[in-house]
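> I'd like to go over a predicted model; first the sequence, then the structure.
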Protein chains: 2
Amino acid sequence: MRIVVLAGGIGGARFLRGLKAAVPQAEITAIGNTGDDIHLFGLKVCPDLDTVMYTLGGGINEEQGWGRADETWSVKEEMAAYGVGPQWFGLGDRDFATHIVRTQMIGAGYPLSAVTEALCQRWRPGVRLIPMSDDRVETHVLVDTEDGGRKAVHFQEYWVRLRAAVEARAIVPVGAEQAKPAPGVLEAVAAADVVLLPPSNPVVSVGTILAVPGIREAVAEADAPVVGLSPIVGDAPVRGMADKVLAAVGVETTAAAVAAHYGARGAGAGSGPGGAESGGAANASSGSGSASGLLDGWLVDTVDASVVGEVEARGIRCRAVPLMMTDIDTTAAMAREALALAEEVRR
Amino acid sequence: MRIVVLAGGIGGARFLRGLKAAVPQAEITAIGNTGDDIHLFGLKVCPDLDTVMYTLGGGINEEQGWGRADETWSVKEEMAAYGVGPQWFGLGDRDFATHIVRTQMIGAGYPLSAVTEALCQRWRPGVRLIPMSDDRVETHVLVDTEDGGRKAVHFQEYWVRLRAAVEARAIVPVGAEQAKPAPGVLEAVAAADVVLLPPSNPVVSVGTILAVPGIREAVAEADAPVVGLSPIVGDAPVRGMADKVLAAVGVETTAAAVAAHYGARGAGAGSGPGGAESGGAANASSGSGSASGLLDGWLVDTVDASVVGEVEARGIRCRAVPLMMTDIDTTAAMAREALALAEEVRR
């Protein structure tokens, strides 16, 4: 079985680990978000790709969900001593090594997809990890300035330095419109038996991947069933601060609203009537509006069982199952439910 | 008092530390060798500049004489795990930080001299440290190949990986002929009250600095007296493997031969009659032959007292004093002897 997963960082990585456990023989392609990539200290840092690589390769810091286990922090200490910033981004020494190797390879002319493949030769994540694009895409967040204006900050600055504590007025995946899918991305989607949207951030993770021209269309037109898992349980994101960026694109923080935001296959995508609270907000990263809907099926958590009917009324098959990725076993069970739902909706 | 020192790595750094202790009020300019700079992992590494900076700034690993105190090695471990080389060059995590900052600044367009000044704002070495040139100079060593030919290896590969265990056929400071002295180098020499050649390697450290067009001439024509300290005590280098590279330029491993190699001021430089065993060897890095002699005075160790007459016969004032840089006090005493000799020969 060939499975394609559009993966963000921590949520995507943990889901992939469960999926591998559920179907060890499957041929899994993870299409990784690179919109939160950032250049720090002259080095190219790819947080989501690395989180997937480290998580599946056994090198992740399990507690924090990102960064390396057994990490040391000498380089960061030295940067502070040199007065070189930013200091708010936590790069450990082992993590630095990855960025040094990546930057050196990119400097030598290799595209990011080839570099990622090379790094994966060490990590052996057990999935084929492809960045969504070899072109530079950088998610910016529009926030208010003190003098009443607006300014764009890099997503990482919004997320890590500002801790999403200021209102996001819009999410803009700069460069996405000019970006091309990396080699293998469209082919993998076209050849897939199942396409899964894991419980990653629907705006700044999955949304950014879908913003690369061609990817959303490929998913919408895939022969394979497309099933998503809600990143919202009850009224809150399972982890992270998805509510903040959902608000910026005018989507309520509910499992049903996110399903509507992705939209039903064969229909226009969400954020239409009934889907969003404030449809007027900027929605650059999801390509909604004229874009096609994506979902054949949608899993919500058991606490959200009451929305199943609402989601199904949109033409999306919906099931309520436990969606907390507490450990690999519970995550594998989620993956099995997603695959079962995919079989149910297979045309 | 304005003192200019042509500094190599460990020997130059330790001498500078003693000199600072001997004359704390002096205005010291260290002109640093950059011929052993090397690009590793896409980063610009300047071993000699860093050794001076770390030694005078209190960050050096005292035992090994290079690299940082309290060092960790996570990045290097990761590089090995990625299969990315070279592994023979010992870069610790704290050291990596210096190279990352430097590389980022150079990438932003700053010349090495400005970068070095910026790094020194942290280290406060108490001397003005200027690289010999902002242009790239890379010392290569010609060695024999197994099939009877010759090949050039980077000096660091010869020194660190091969441990100077193969014969050096020639020392070539690639790029030196096209290099210009960094801003401030010639001015510092011209304005100096004393110029000192510390007990650094006369070929690959001091010799490389002198190979940058204009520097040798500036020293030869300086108003200030020029005094050197022999890096050879008895028949061996005080430290390092200077004998290996002296042989490559046809100079005996004796305190007298090194003095002759530098040459007496007002006379042609060394490696002439009486100065060298094998004058036919390549001597690219010292610019000898038609170049001017440099020395007004020369200090040899007490064990070499017997050569004082031979050196003086060449027109170089010579004294035999203890030349082992055992600690800061003994090194400061050496510096005082050098300054005393400079006063003696001041014209």
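The structure has been received and is ready for your questions. Predicted, not measured: the structure shown is a model, and the values here were computed from it.

> drop to CA atoms for contacts and neighbour counts, all remaining ones
OK.

> so which strand or helix has A:Ala256?
helix A:255-262 (DSSP states H and E).

> so after that helix, what's the next helix or strand?
Counting by DSSP H and E, what follows helix A:255-262 is strand A:297-300.

> can I get the next helix or strand after that following strand as CSV, trimmed to CA atoms?
Past strand A:297-300, further along toward the C-terminus, the next helix or strand under DSSP H and E is helix A:308-313. Output of helix A:308-313 as CSV, limited to C-alpha atoms (Å, rounded to 0.1, in the frame of the first residue of the first chain):
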residue,chain,number,x,y,z
VAL,A,308,-20.3,14.0,13.0
GLY,A,309,-23.7,14.8,11.4
GLU,A,310,-22.6,18.4,10.6
VAL,A,311,-19.5,17.2,8.8
GLU,A,312,-21.3,14.4,6.9
ALA,A,313,-23.9,17.0,5.8
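
> let's test this: mean pLDDT of helix A:308-313, rounded?
For helix A:308-313, mean pLDDT rounds to 98.

> hmm, who's touching that helix?
A:Ala256, A:Ala259, A:Ala260, A:Val300, A:Arg317, A:Cys318, A:Arg319, A:Ala320 (CA atoms under 8 Å, 6 or more residues apart in numbering or on different chains).

> again, only this time at 6 Å
Contacting residues not belonging to helix A:308-313 are listed as A:Ala256, A:Cys318 [CA atoms under 6 Å, 6 or more residues apart in numbering or on different chains].

> what residues sit buried inside it?
Neighbour-count burial for helix A:308-313, counted by 16 or more other CA atoms under 10 Å in any protein chain shown, picks out A:Val308, A:Glu310, A:Val311, A:Glu312.

> again with stretch A:110-120
Buried residues in stretch A:110-120, counted by 16+ other CA under 10 Å: A:Pro111, A:Leu112, A:Ser113, A:Ala114, A:Val115, A:Thr116, A:Glu117, A:Ala118, A:Leu119, A:Cys120.

> just give me how far the lowest-mean-pLDDT helix or strand in chain A sits from the chain centre.
Sorted by mean pLDDT, DSSP states H and E, the helices and strands of chain A end with strand A:236-237, the least confident at a mean of 81. What separates the centre of strand A:236-237 from the centre of its chain is 15 Å, taken as CA atoms, centre = their mean, to the nearest Å.

> could you identify the helix or strand that succeeds it?
Next along the chain after strand A:236-237, with elements defined by DSSP H and E, is helix A:242-248.

> distance from the chain centre to that next one, please.
14 Å.

> so how far is A:Thr34 from A:Thr208?
Distance, A:Thr208 to A:Thr34, using CA to CA, to the nearest Å: 8 Å.

> just give me the neighbour total for A:Pro86.
14 (other CA atoms under 10 Å in any protein chain shown).

> tell me the pLDDT of the nearest residue to it once chain neighbours are set aside.
Leaving aside its sequence neighbours, A:Pro86 sits nearest to A:Leu40 (CA to CA, 6 or more residues apart in numbering or on different chains; 7.6 Å). A:Leu40 is assigned a pLDDT of 95 by the prediction.

> any idea how far apart the tips of stretch A:250-261 sit?
9 Å.

> could I get the phi/psi values of A:Val189?
In terms of degrees, to the nearest 10, the main-chain angles of A:Val189 are phi -60, psi -40.

> I'd like to know how far it sits from A:Ile28.
11 Å.

> same check on A:Glu312?
From A:Glu312 to A:Ile28 the distance is 28 Å (CA to CA).

> ditto for A:Tyr262
For A:Tyr262, the distance to A:Ile28 - CA to CA - is 22 Å.

> what ranges of the stretch 201-347 of chain A fall below the confidence cut-off?
Low-confidence segments of the stretch 201-347 of chain A (pLDDT under 70): A:268-291.

> quick one: contacts for the one residue in it that gets nearest to chain B?
When scored by CA to the nearest CA, the stretch 201-347 of chain A has A:Ile328 as its residue closest to chain B, at 26.1 Å. Counting by CA under 6 Å, 6+ apart, A:Ile328 touches A:Gly18.

> what's the answer for A:Ile3, then?
A:Ile28, A:Ala192, A:Asp193, A:Val194, A:Val195.

> out of the residues you listed, flag the one nearest to A:Ile100.
The closest of these to A:Ile100 turns out to be A:Ile28 (CA to CA; 27.6 Å).

> where's that closest one relative to A:Met1, distance?
From A:Ile28 to A:Met1 the distance is 8 Å (CA to CA).

> which of the two has more neighbours?
A:Ile28 (24 against 11).

> mind checking what secondary structure that one has?
Put simply, A:Ile28 is strand when judged by DSSP: H, G, I helix; E, B strand; the rest coil.

> can I assume it is in contact with A:Gly126?
No: A:Ile28 is beyond contact range of A:Gly126, at 7.9 Å (criterion: CA atoms under 6 Å).

> strands along the stretch 1-150 of chain A, start to end?
In the stretch 1-150 of chain A, strands defined by DSSP state E, counting those that start in this stretch lie at A:2-7, A:27-32, A:38-40, A:43-45, A:128-131, A:138-144, A:150-154, listed in chain order.

> columns distance to B:Glu177 on top of these, output as a markdown table?
Shown next, in a markdown table, are the strands of the stretch 1-150 of chain A (distance: least, CA to CA, whole Å):
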| stretch | distance to B:Glu177 |
| --- | --- |
| strand A:2-7 | 54 |
| strand A:27-32 | 49 |
| strand A:38-40 | 36 |
| strand A:43-45 | 33 |
| strand A:128-131 | 46 |
| strand A:138-144 | 44 |
| strand A:150-154 | 45 |
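
> list, one by one, the residues from chain A near chain B.
Contact residues, chain A versus chain B (CA under 6 Å from any CA of the partner chain): A:Gly42, A:Ser74, A:Val75, A:Tyr82, A:Asp93, A:Arg94, A:Ala97, A:Gln104, A:Arg122.

> and these, which is closest to A:Pro24?
A:Arg122 (19.6 Å).

> leaving out the residues flanking it, which one is nearest to A:Leu119?
Using CA to CA, 6+ apart, the closest residue to A:Leu119 is B:Tyr82 (7.1 Å).

> repeat that for A:Ala305.
A:Ala320 (5.2 Å).

> who does that neighbour bridge with?
A:Val300 (DSSP bridges).

> okay, now it: neighbour count?
18.

> ok, now which ones touch it?
A:Leu299, A:Val300, A:Asp301, A:Thr302, A:Ala305.

> how near is the second one to A:Asp235?
So that's A:Val300. 12 Å.

> do the first one as well
Between A:Leu299 and A:Asp235 the distance is 15 Å, computed by CA to CA.

> repeat for the third one
Relative to A:Asp235, A:Asp301 is positioned 11 Å away (CA to CA).

> ok, these two, which is more surrounded?
Per other CA under 10 Å, whichever of A:Asp301 and A:Asp235 has more neighbours is A:Asp301, with 23 against 13.

> okay but that one is in contact with A:Arg319, surely?
No: the pair A:Asp301 and A:Arg319 does not pass the contact test of CA under 6 Å, sitting 8.2 Å apart.

> next, the buried residues of stretch A:66-75.
A:Trp66, A:Gly67, A:Arg68, A:Ala69, A:Glu71, A:Thr72, A:Trp73, A:Ser74, A:Val75.

> now A:Ile171: closest residue in space, sequence neighbours ignored.
Closest to A:Ile171 by CA to CA, 6+ apart is A:Val141, at 4.7 Å.
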